[in-house]
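In: Got a sequence here, can you model it:
(one chain, ligands or ions: 4)
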Amino acid sequence: MDTPYSRAGAIAEEVSAATRTVSSVCCYCGTGCGVRVQAQGNRVIAVSGDESHPSNRGRLCSKGMQLADTVRRDAARVLRAQWRPSRDEARADIALDQALDIAADRLASVIARHGPDAVGFYLSGQLLTEDYSVFNKLARALVGTNNVDTNSRLCMSSAVAGYKQTLGADAPPACYEDLEQADTVFIAGANVAYAHPVLFRRLEAARQARPHMRVIVVDPRRTDTATGADLHLPILPGTDVALFHAMLHVMVEEGLIDRGYIENHTEGFAALEGRIRAYSPAAAQEICGVPAADIVQAARWFARSPATLSLYTMGLNQSSSGTAKNAALIHLHLATGQIGKPGAGPFSLTGQPNAMGGREAGGMATLLPGHRDPANPDHRADVAALWGVESLPATPGLPALEMFDAVLDGRIKALWIVATNPAQSMPDQARVRAALRQAEFVIVQDAYAGTETLDYADLVLPAATWPEKDGTTTNSERRISRVRAAIEPPGDARPDWRLAADVATRLARRIAPGKAGHFAYADESAVFAEHARTTAGRDLDYSALTYALLERDGPQQWPYGLGAATGTARLYGDGRYPTPGGRARFVDVDYLPVAEPVCAEYPLRLTTGRLRDHWHTMARTALSPTLTRHVEEPWLSMHPADMAAAGVAEGELARVASRRGHLVVGVRADEGLRPGHAFLPMHWGSAFIAGQGVNALTNPARDPVSRQPELKHSAVAVAPAGLPWQAAGWIRGDAAILRQRLAPWLRRFSHAALLPTALGGGGIRVALGETRAPDVDTLQALCAALELGSAMPARPHAAYDDPHRGIVRRVALADRKPVAFFVAGDTRIVDALSAWADGGAGPASVAGLLMGRTGPVERARTVCVCHGVTDRAIQAGIAAGLDLQGLRRTLRCGTGCGSCGPEVARMVARAHVHRQGS
Ligand SMILES: Nc1nc2c(c(=O)[nH]1)N[C@H]1C(S)=C(S)[C@@H](COP(=O)(O)OP(=O)(O)OC[C@H]3O[C@@H](n4cnc5c(=O)[nH]c(N)nc54)[C@H](O)[C@@H]3O)O[C@H]1N2
Ligand SMILES: Nc1nc2c(c(=O)[nH]1)N[C@H]1C(S)=C(S)[C@@H](COP(=O)(O)OP(=O)(O)OC[C@H]3O[C@@H](n4cnc5c(=O)[nH]c(N)nc54)[C@H](O)[C@@H]3O)O[C@H]1N2
Ligand code: SF4
Ligand SMILES: [Mo]
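Out: Numbering: from 1, shown residues only. Ligands and ions are numbered 1, 2, ... in the order given. Sure, this is the predicted structure:
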């Protein structure tokens, strides 16, 4: 059966016969910025901010601005279904129909032999609400298992648990306009400048307009978010509960709490009040490592301000006490009545674009559609009736990490992975990968080629992606927007919900013929209509919403029930909460330390997180040369004192080890880190560097309630890598295609990295390290791979080689510019070659350059990607006496999307401090 691609509703606004502009939503973060996609045929020409979208009003960050770069229709994508009948064979392309039949056959066979709970679905916060709905129904109503979870388990599940425990429902009560109306903004465990840049822009503008506004940042690192704050509390990782308890302690002692609000609208305060007596500011100073006076100051600003808004994300959630951290922060709002009014409230920022939609559609093992609970028989009966089936399974489903544990020990045989890359993003990679090998049948449904998890797939299903998909997303402020397709999917790719529905129909014919009709949706709007009905009468009720209404009135905030004339900007204005007694709850939580304390063997506290211009495992952002300019390679950031103690110097390779695995990366000094702490970006996995990526190191210990792992803290040791032979190369071309071709080299060296780069207009940089020089054949093969001699399509090149000593220096030129180079054994001329490739003047003599007759050259790093302004240009400007405004005027840095604004401000501030210090 063919699966025709269908688009719901009228989507295209014809601008001219050839070019059309489609309104949609950015596919990256939970800010949910509206975009305008300009397309011609199946080509996206440009993406810009949508002025009419209330969440961003035309603004986009650097990632959103570069979206057009990531739209591909070639081998950078998964274009066809692929299949390997046995693990000894290579996968081959097959027809999509055949793949859908294989999926149905294999799932039916697993269910027949081992029962429904031998199947697991691992989905993603990047799916659209329609995708979740169909997968959820497939898992629970057809297969008959609750084993359907998502990567939101690594992301938002502590926020869900925290809201439910305290406020009674999983609903962020605030909205983005509160950023403009708050007097105090309390940012905890969030690097908003990097992770939600458009909200940071809104905050910057609000501070300009309201100079009395105060910003407090709680983060172990001095991030770009923390640099401009009025107060930065650089707490020790994992100690937030103690800090928040101490703030409440101060508020109680100083009479700053709102006894009236507590009495009328909450319960459970007495027990907590007893608990927090032990958390004096002095006691918390001991635990959290921040001055008691700063804790007192934070408590006063929080409680005394007319309106206090909290913003929080992974610094709270990714913790073995994530739920308690969320609850302890929400307590501060309840105790001071800072909730349910403009500019106030505990506002959990969502990470992924539609993690919210997943929570609404019940796309997690512990949720059912409409914020229902699978452990509640009435809720199961409700949903069964809505779906037209007799019953739903009662056996609890497994959350993400437990699901992989079950694969490893054989309870789960078949795993279907959609729009997430667990062989990079889950903690304790050795275990995750062992599980993927152990599974009997793995389906990976992905859009981009070359991801880590695809290596483990028996069956690959080709997914359509942004901007080829139609549906809806919900952003952090509960706003539902239409995502609209601007072009057709390439190859055999199909929207995720469609692939799920097509397999479901085939599977039903095999195991439950009566249910085959349950998945015969005409289009996305039919899926949405079925989903929206499940919210009726629930806290999130948006049963009045339809595609037609969203088309007419634009994006809407839930609740938006039948009879409502508009959506709802803020929740709980009346002080009534969706708990049985209508009261919010204080939870008597205690502070517990991180799961893995540092020790003599692993003396450093490692935290991981995001960079400004990369997205997760980089399937998409690595396709934009512009985005690679900001940070091109993974660095372990350390305090200079720890570097000295470990014996590693700036730029050198280090071996970072935890109890679970190790990694070789370069090291950089960062004075924004406390001694004893280290930071590694989460983005580079085994598709880019040798080994198992950043999560080889991380700890799978998890929160007892939310089951979210402690990705923000592991104990590690750092030592010199001891790889005296090093090599570096570069080849111009398409990074995605080159990376696939060069991927086997990642497995052949102790240190290896394939780094997408904007150098010379775009290509791949190669970095290698080994204990001693590889043999001559290996070096020749490497040169061949880089088209620099020996075999195959070699280009004319200049060479200075002594391969028996491991020394190779080669450069290929076209139009007197390098198009590839490789330097092994002594890499000092790499920066000169790079500068030349990047448009700098060439050397007087190429031979002289290869023989090392060149002065030192330092490569500049791009800070402002919109205007291509480098760190060196900014430093020169600062040295010439320019202030922030002067830099903006003369260099234009920070005047495009504004994402680099905080970094430029930090550079100015640091220069100022150094000048004062000297
Ligand atoms: N550029 C970019 N933006 C993104 C993403 C991306 O990949 N790239 N991903 C999106 C997603 S899915 C998510 S979940 C969000 C995440 O957004 P954020 O949570 O803001 O980003 P992170 O860098 O993961 O972590 C935030 C901060 O937590 C701090 N931290 C670590 N441990 C602790 C602690 O114990 N207590 C406190 N208070 N802070 C701590 C870290 O130092 C870090 O600065 O970003 C979204 N936006
Ligand atoms: N060390 C460490 N690890 C972390 C974190 C951390 O802070 N530190 N953060 C965690 C968090 S918060 C998150 S959210 C996760 C994110 O981790 P992942 O979800 O694993 O990361 P992504 O790279 O976003 O993976 C998305 C995948 O979906 C594919 N894709 C893109 N669009 C589509 C589509 O429309 N359909 C389909 N089927 N596929 C598509 C992409 O090619 C890619 O392979 O990482 C977690 N892991
Ligand atoms: S802040 Fe940036 S990444 Fe997030 S939705 Fe807006 S444009 Fe996209
Ligand atoms: Mo996330």
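In: Neighbouring strands - and their directions - for the helix or strand containing Val217?
Out: Assigned by DSSP states H and E, Val217 belongs to strand 214-218. Using DSSP bridges, the strands paired with strand 214-218 are strand 184-188 (parallel), strand 231-233 (parallel).
In: which other residues reach the shortest one?
Out: Judged by Cβ atoms under 8 Å, 6 or more residues apart in numbering, the contacts made with strand 231-233 from elsewhere in the structure are 214-219, 222, 226, 243, 288, 290, 294-295, 297-298, 301. The C-beta positions use only the backbone N, C-alpha and C, and glycine is treated the same way.
In: Show me which residues of that strand are buried.
Out: In terms of neighbour count (16 or more other Cβ atoms under 10 Å), strand 231-233 has its buried residues at 231-233.
In: ok, and for the helix or strand following that strand, which residues are buried?
Out: Remark: after strand 231-233, the chain's next helix or strand is helix 240-253, criterion DSSP H and E. Buried residues in helix 240-253, counting neighbours by 16+ other Cβ under 10 Å, are found at 240-252.
In: Ligand 1 next: which of these are close?
Out: The overlap between the buried residues of helix 240-253 and the neighbours of ligand 1 (Cβ under 6 Å from any ligand atom) comes to Asp240.
In: Could you save the buried residues of helix 240-253 as a markdown table and add columns showing distance to Tyr279?
Out: Formatted as a markdown table, the entries for those read as follows, by distance: Cβ to Cβ, whole Å:
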| residue | distance to Tyr279 |
| --- | --- |
| Asp240 | 12 |
| Val241 | 9 |
| Ala242 | 6 |
| Leu243 | 9 |
| Phe244 | 9 |
| His245 | 4 |
| Ala246 | 5 |
| Met247 | 9 |
| Leu248 | 8 |
| His249 | 5 |
| Val250 | 9 |
| Met251 | 12 |
| Val252 | 10 |
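In: Now render the buried residues of helix 240-253 as a markdown table, adding distance to ligand 4 and pLDDT.
Out: Shown next, in a markdown table, are the buried residues of helix 240-253 (distance: Cβ to the ion, whole Å; pLDDT from 0 to 100):
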| residue | distance to ligand 4 | pLDDT |
| --- | --- | --- |
| Asp240 | 18 | 98 |
| Val241 | 21 | 98 |
| Ala242 | 25 | 98 |
| Leu243 | 23 | 98 |
| Phe244 | 22 | 98 |
| His245 | 26 | 98 |
| Ala246 | 28 | 98 |
| Met247 | 26 | 98 |
| Leu248 | 28 | 98 |
| His249 | 32 | 98 |
| Val250 | 32 | 98 |
| Met251 | 31 | 98 |
| Val252 | 34 | 98 |
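In: ok, which pair from the buried residues of helix 240-253 is furthest apart?
Out: Looking at the buried residues of helix 240-253 by Cβ to Cβ, the two members farthest from one another are Asp240 and Val252, with 18.6 Å of separation.
In: Quick check: buried residues in stretch 850-864?
Out: For stretch 850-864, burial by neighbour count (16+ other Cβ under 10 Å) applies to 850, 854, 857, 860, 862-864.
In: Contacts for it, please.
Out: If you take Cβ under 8 Å, 6+ apart as the criterion, stretch 850-864 is touched by 629-632, 758, 798-800, 809-811, 826, 828-829, 831-832, 834-835, 838, 840, 843, 845, 848, 868-874, 891-894, 896, 900, 903-904, 907.
In: just to revisit the earlier point, just the buried residues of helix 240-253 now: which is nearest ligand 3?
Out: When the buried residues of helix 240-253 are compared for distance to ligand 3 (Cβ to the nearest ligand atom), Asp240 wins out at 24.6 Å.
In: any residue of the helix or strand where Pro346 lies up close to ligand 4?
Out: Element membership of Pro346 [criterion: DSSP H and E] is strand 345-348. No - under the criterion of Cβ under 5 Å from the ion, ligand 4 is not reached by strand 345-348; the shortest gap measures 11.6 Å.
In: Going by length in residues, pull out the top helix of this structure.
Out: Looking across the chain with DSSP state H, the single longest helix is helix 96-114.
In: And that helix, what does it pack against?
Out: strand 81-83, strand 119-123, strand 414-418, strand 441-446, strand 459-462, helix 496-511 (3 or more Cβ pairs under 8 Å, 6 or more residues apart in numbering; DSSP states H and E).
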